[in-house]
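Student: This is a predicted model, with the sequence first.
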Amino acid sequence: MSQTLKIALISPKGPLYRHKTGIFRKDLRAAPLTLTTLAALVPKSMGAEVKIYDEGIEDLPLNIEADLVGMTVITGSAPRSYELAAKFRQEGKTVILGGPHVTLLPEEAKRHADSIVTGYAEESWPELLRDFQNLKLKKHYTMSHSFSLEKKENLPFPRRDLLDQKSYKTLNTFEATRGCIHSCEFCVVPVAWGRKPYQKPIEHIIEDIKQRKTKQVLFYDLNLIADKDYAKELFRALIPLKIYWVGLSTTLIGRDEELFDLLIRSGCKGLLIGFESISKATLKTTKKTFNNPDGYSDLIRKLRNAGIIINGTFVFGNDDDSIETFNAVRDFVIENQIGLPRFSILTPFPGTALFNRLENDNRILSKDWSRYDGQHVVFQPKKMSPEELQLGHERVWKEVYSFKGIGKRVLGNFTSIFPIVLAANTAYRYYAHNLSRFYTCRGGLV
């Protein structure tokens with residue numbers, strides 16, 4: 001080990017998210033929080049030198065000077081993570097793997113690392129570093145049952161200074177909560193972290209925003225309104241800051257008038273909402289029955305009238321989906337003038353109830369994790385072929401983000417952040433018209 005402990009934190013690339021040859025334009029890139037948070041959690045008493053590498057925006061140097069390499073792994077980047085791990089270990093570096101995929105498949109990850117971290121790492125990561133420095137590294141560190149985001153020692157401000165500002169649309173990314181109270185069949189959250197919501201003290205969030213001196217904020221929370229009372233308190237605290245912010249919510253946002261009023265007054269200008277499907281049967285199967293397609297149009301209109309842009313997400317490939325579903329969703333999105341629609345292919349991430357159901361039915365076609373990115377077909381659909389699902393999904397992207405499709409949708413979305421909406425539509429248009437370049441195998445789509 002070098003005299004000064006050198007730590008490299010890496011976010012490995014996936015099929016779609018990678019430097020130079022990736023599909024994501026800068027307008028779709030916001031700074032991640034995982035690595036900057038891990039960097040901030042390194043005990044100052046160690047005097048360690050920490051560097052962050054994001055393969056989504058840069059190529060890795062041929063030689064990385066580090067004693068310890070930590071990588072955060074999602075399912076789509078797992079093969080690349082394991083490839084890098086083998087290289088670094090061969091060079092004599094200690095490799096630590098963590099993140100959602102590692103939490104879902106710890107035994108697999110252990111084969112590729114000197115140690116793994118499962119669950120949230122605020123407490124286990126500093127413990128691991130101390131053990132490493134004392135030559136007592138354990139094979140597995142996991143989140144304790146008493147874990148909380150309310151403990152001050154778990155709440156350093158992320159080390160955003162370690163990121164390359166020029167490569168991201170914004171560095172002003174924040175989170176107030178983690179987790180989700182729902183149990184949707186396809187979601188990794190209840191499997192990896194349970195259904196318990198974790199909340200940061202609101203004064204900490206406000207302090208972080210203030211010290212950034214920013215008027216534009218992006219919240220990464222998976223469901224900012226999971227606890228309505230907490231959300232109301234947060235929104236009240238945001239009002240005096242006079243910022244505008246975007247974040248994630250469920251369709252339930254429109255069913256509480258006090259909450260909705262505070263949302264608007266707090267400066268919300270954009271929400272990502274998982275509509276997922278316009279079929280009640282599909283929503284019932286996926287255990288997302290709190291979504292009601294009968295109320296979608298009214299909610300969209302209500303948000304649009306309030307000047308809030310909708311980043312609406314839809315999933316293709318559910319058991320009730322057929323060839324006709326593609327046109328139905330396309331028409332719904334355009335007719336309702338959804339400002340920034342997004343589409344994905346149903347992906348049975350390992351460990352989820354969806355994966356287990358499809359595997360029991362012998363419908364999993366591939367366990368090449370690099371294809372588990374929401375844009376490849378890795379299972380046998382019920383009412384269409386894998387190729388029909390892949391091509392139908394690609395077609396909807398292209399038609400919704402054609403110049404005609406963009407024109408019809410954005411006409412109803414003139415707000416104070418219209419220039420940003422237009423830039424994002426342009427970036428999504430590039431994404432939509434280049435998807436086929438990033439499919440791992442055009443002939444054998446799985």
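Tutor: Yes, it's here. Numbers count the residues shown, from 1 in each chain.
Student: Can you say which helix or strand has V69 in it?
Tutor: In this structure, V69 sits in strand 68-72 according to DSSP states H and E.
Student: what about that strand, average pLDDT?
Tutor: Mean pLDDT, computed over strand 68-72, is 97.
Student: Spatially nearest residue to L35 (excluding sequence neighbours)?
Tutor: Nearest residue to L35, sequence neighbours excluded (CB to CB, 6 or more residues apart in numbering): L9, at 4.5 Å. For glycine as for every other residue, the C-beta is placed from the backbone atoms N, C-alpha and C.
Student: quick check, the one you found in a strand?
Tutor: Yes. Under DSSP: H, G, I helix; E, B strand; the rest coil, L9 falls within a strand.
Student: what's around it, how many residues?
Tutor: 25 (other CB atoms under 10 Å).
Student: all strands for the stretch 151-300 of the chain, in order.
Tutor: Under the criterion DSSP state E, counting those that start in this stretch, strands of the stretch 151-300 of the chain are mapped to 173-174, 177-178, 198-199, 216-219, 244-249, 268-276.
Student: what would those strands look like in TSV with mean pLDDT, mean neighbour count and distance to T426?
Tutor: Shown next, in TSV, are these (pLDDT from 0 to 100; neighbours: other CB atoms under 10 Å; distance: least, CB to CB, whole Å):
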stretch	mean pLDDT	mean neighbour count	distance to T426
strand 173-174	96	20	21
strand 177-178	92	21	31
strand 198-199	92	19	36
strand 216-219	95	20	19
strand 244-249	95	22	17
strand 268-276	95	23	16
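Student: for these, which one sits closest to V69?
Tutor: Closest of the strands of the stretch 151-300 of the chain to V69 is strand 173-174, at 23.5 Å (criterion: CB to CB).
Student: hang on, Y53 packs against I10?
Tutor: Yes. Using CB atoms under 8 Å, Y53 makes contact with I10 at a distance of 4.7 Å.
Student: and for those two, which residues touch both?
Tutor: L60 (CB atoms under 8 Å, 6 or more residues apart in numbering).
Student: coming back round to it: what's the strand holding V69 in contact with?
Tutor: Against strand 68-72 from outside (CB under 8 Å, 6+ apart): 5-12, 34-35, 38, 81, 84-85, 88, 93-99, 125, 129, 132.
Student: So which of those residues belong to strands?
Tutor: K6, I7, A8, L9, I10, S11, T94, V95, I96, L97, G98 (DSSP state E).
Student: now, among those residues, which is nearest to I239?
Tutor: S11 (34.0 Å).
Student: I'd like to know how far the closest one sits from L163.
Tutor: Look at S11 and L163: by CB to CB, to the nearest Å, they are 11 Å apart.
Student: If you count surrounding residues, which of those two has more?
Tutor: Neighbour tally, S11 and L163, criterion other CB under 10 Å: the higher count belongs to S11, 22 against 19.
Student: which residues sit in contact with that one?
Tutor: P32, T34, L35, I52, Y53, D54, E55, G56, M71, T72, S77.
Student: With adjacent residues omitted, what lies nearest to it?
Tutor: Using CB to CB, 6+ apart, the closest residue to S11 is D54 (4.6 Å).
Student: give the contact list for that neighbour.
Tutor: So D54 contacts I10, S11, P32, L35, L163, S167 (CB under 8 Å, 6+ apart).
Student: Wait, the third one touches L171, no?
Tutor: It refers to P32. No. At 10.1 Å, P32 does not count as touching L171 under the criterion of CB under 8 Å.
Student: about what we covered before: could the strands of the stretch 151-300 of the chain go into a markdown table alongside distance to N413?
Tutor: Formatted as a markdown table, the strands of the stretch 151-300 of the chain follow (distance: least, CB to CB, whole Å):
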| stretch | distance to N413 |
| --- | --- |
| strand 173-174 | 23 |
| strand 177-178 | 27 |
| strand 198-199 | 31 |
| strand 216-219 | 18 |
| strand 244-249 | 13 |
| strand 268-276 | 10 |
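Student: Which residue, neighbours along the chain excluded, lies closest to V102?
Tutor: A109 (4.2 Å).
Student: Roughly how far does P106 sit from R130?
Tutor: 21 Å.
Student: Looking at those two, which has the bigger crowd around it?
Tutor: Regarding P106 and R130, a neighbour count based on other CB under 10 Å identifies P106 as having more, with 17 against 14.
Student: Quick one: residues contacting that one.
Tutor: I116, T118, H140 are the contacts of P106 under CB under 8 Å, 6+ apart.
Student: give me phi/psi at the second one?
Tutor: Same thing as T118. Per-residue torsions, T118: phi -110, psi 150 (degrees, to the nearest 10).
Student: To what extent is A432 buried, counted in neighbours?
Tutor: 23.
Student: which ones are touching it?
Tutor: So A432 contacts W397, K398, V400, Y401 (CB under 8 Å, 6+ apart).
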